[in-house]
Structure formats: C-alpha cells, structure tokens
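K.L.:
Predicted model and sequence below, questions to follow.
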Amino acid sequence: MSKLREVSARRRNLLEEIRRLRKKRDELNEDARRIVEELKALRTGYRRLRSEISSLRDKLKEEYARLKEVRDLIQRARLKMEKVAKPKTPLRKLKNRMEELEWVLQTSPTDLEMERRIASEIAELQVEVKAHEKIRELKQDLMRLRAVREAIKLRINSIKSRIDELKDERDRVRQAITELEERYKAVRERADGFHHALVEKLNEAKTLRAEEKVIIEELKQMELEERKMAEEKAKAVLAELARRALDKLRNGGKVTVEELKAIAEAEDMGVI
C-alpha cells in the first residue's frame, strides 16, 4: 500500500508539472503565432515598398529619357538661332521706318522710280522684321523648352527624394523583419524545449500509471487471496464445530442452538 501511495504521489506531482509545462508551451506557441502574423504584415509591407521603389525607378528612367529629349530639342533650337541672320537694326526702328515709307507712298507725290526704291527698301525691312520675328519665336520655344526641362528636373529630384525615403523605410522594415525572425527562432526553440520536456513527463506519467495499475491489481489479488484464506479458515472452524456437535448428538448429548446453526450452515456449504 505504501508503494502505491508513493507511486500515486509521484504521478500527481508529474501531472502538476505536466500542466505547468503545457501552459508554458502553449503561451510560447501563442507568442510564435503572433510573431508570424507580424512577420506576414511586415513582409507584405516590404514587398509593397519594393514594388513602389521599382515603379518609381521606372518613372525616373522615363523622366531622364524626357530630359534627354528636351535637351536635344534645346540644342536644336540653339543651332537654329545661330543659323538665323542677326538683324543689325532694332525691330522698333525697322517698323518705324516702314511706317514712314508707307506714309510717303500714301501722302507724297512720287514717280515710278521713287516707288520702286521705296518698295525695295520696304521689302528689305520686311526681311529684317521677319528675322526678328523668327528669332523671337525661337527664343520663346527655347524658353518653353527650358521651362519644361526645369519641370522635369524638379520631378526627377522629387522622385529621387521619394525613392530615398522609401529605401530608408524599406531598410527599417527589413531590419524589423530580421529582428522578428530571430525572436521567432528563439521563441520556437523555447517552445520546442518545453514540448520535449512535456513529452518526457507524459511518458513518465504513463509509465507510473501503468505501474500504479499493476500495484492496484496486485493489491486486489492479495485482498482476494486473503479473503479466500479467511473464508477457508472460517469454513474449517465451522466444519470442526459442526462435527463436534454431530458427535454429541450421536452420543446422545445435548447441543446448543449455535451448534445446530453450525450444523445447518456446514451442510449448506457442503463441508460436512
């Protein structure tokens, strides 16, 4: 019995230890699950950042291509300006002279020769005016192209700045992922350690339970044997009492009520 109490006590202690180990393992598994969810969110964010950076880099390439095109157009505009003959007379002065000549034609008596000279001079003046207008047009084109170039540069700088911001954010997320992965590994190792200890304790408890059953079965068997021995002993005592009572009756002696009961019980039990 003392051995049974000892085994049962050890098993109860083991069950308490098992509950503690299972609770700790489950807590660590829950921590690991939360870390996995955090990692999923961070990795999703990391992929989003990489995709956004890649998209911005594509836009940056497009803007650089546009910048090259605009620079080529600016260079062409400059070459065109260089090819245009530069008027020696200011535009305002040219127009004033043309107005004077036209006024002369309209208000003064002229001969044919004078009209030809005036018309020839007006034609020359118009050539210079057109040169001024062409130069002004080219300058306007050049100014517009330069404005476009500066706008592209601003966009390029803005995109580069945004890429740098996203790269910094991406690096922070990557660092956070690395730290979480290390934390997850540590938590999983601890959880596995508790799980292995739990399995060992469960096997030990199972062994003790089997041992407990064996002891209980042995005790039951011993109790049964003791009961049988007690019954056999009681039967022997009853049989002896009944035989003595029968001997008394055969010899004409008197027997007590208890002795008569003993004879009846012995006959019922078949021991006499």
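P.N.:
It's in. Numbering: from 1, shown residues only.

K.L.:
how about the helices of this protein, start to end?
P.N.:
Secondary structure of the chain, counting by DSSP state H: helices at 2-83, 91-107, 112-250, 257-269.

K.L.:
helices or strands next to the second one in the packing?
P.N.:
The one in question is helix 91-107. Judged by 3 or more Cβ pairs under 8 Å, 6 or more residues apart in numbering; DSSP states H and E, helix 91-107 is in contact with helix 112-250. Where C-beta positions appear, they are placed from N, C-alpha and C, glycine not excepted.

K.L.:
can you state the direction angle for the helix it packs on and helix 2-83?
P.N.:
Counting by axes from the mean of the first three to the mean of the last three Cα atoms, to 10 degrees, helix 112-250 lies at 180 degrees to helix 2-83.

K.L.:
ok so, going back, output the helices of the chain as TSV; include the columns mean neighbour count and mean pLDDT.
P.N.:
Shown next, in TSV, are the helices of the chain (neighbours: other Cβ atoms under 10 Å; pLDDT from 0 to 100):
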stretch	mean neighbour count	mean pLDDT
helix 2-83	14	93
helix 91-107	13	78
helix 112-250	14	90
helix 257-269	14	79
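
K.L.:
From I152, how far off is the residue nearest to K95 when sequence neighbours are not counted?
P.N.:
Beyond its immediate neighbours in the sequence, the residue positioned closest to K95 (Cβ to Cβ, 6 or more residues apart in numbering) is V129, lying 6.9 Å away. Per Cβ to Cβ, to the nearest Å, V129 is found 35 Å from I152.

K.L.:
and what of K61?
P.N.:
In terms of Cβ to Cβ, K61 sits 13 Å off from I152.

K.L.:
Repeat that for A197.
P.N.:
From A197 to I152 the distance is 66 Å (Cβ to Cβ).

K.L.:
can you check D168 too?
P.N.:
D168 is 25 Å from I152, by Cβ to Cβ.

K.L.:
for the residue nearest to K59 when sequence neighbours are not counted, what are its contacts?
P.N.:
Spatial nearest neighbour of K59, chain neighbours left out: I159 (5.8 Å); criterion: Cβ to Cβ, 6+ apart. Counting by Cβ atoms under 8 Å, 6 or more residues apart in numbering, I159 touches L56, K59, L60, E63.

K.L.:
so can I have a markdown table of these showing distance to I135?
P.N.:
Below are the contacts of I159 laid out as a markdown table (distance: Cβ to Cβ, whole Å):
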| residue | distance to I135 |
| --- | --- |
| L56 | 40 |
| K59 | 36 |
| L60 | 36 |
| E63 | 31 |
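
K.L.:
Next, give me the two most distant ones among those residues.
P.N.:
L56 and E63 (10.1 Å; Cβ to Cβ).

K.L.:
if I look at D141, how far off is I263?
P.N.:
Using Cβ to Cβ, D141 is found at 145 Å from I263.

K.L.:
now do K88
P.N.:
Plainly put, K88 is 167 Å away from I263 if you go by Cβ to Cβ.

K.L.:
And R190, by the same measure?
P.N.:
From R190 to I263 the distance is 79 Å (Cβ to Cβ).

K.L.:
same check, this time on D26
P.N.:
D26 sits 71 Å away from I263, going by Cβ to Cβ.

K.L.:
ditto for E226
P.N.:
On the measure of Cβ to Cβ, E226 and I263 end up 28 Å apart.

K.L.:
swap in L79?
P.N.:
With Cβ to Cβ as the criterion, L79 and I263 are 149 Å apart.

K.L.:
what does E82 give?
P.N.:
Taken as Cβ to Cβ, the span from E82 to I263 is 153 Å.
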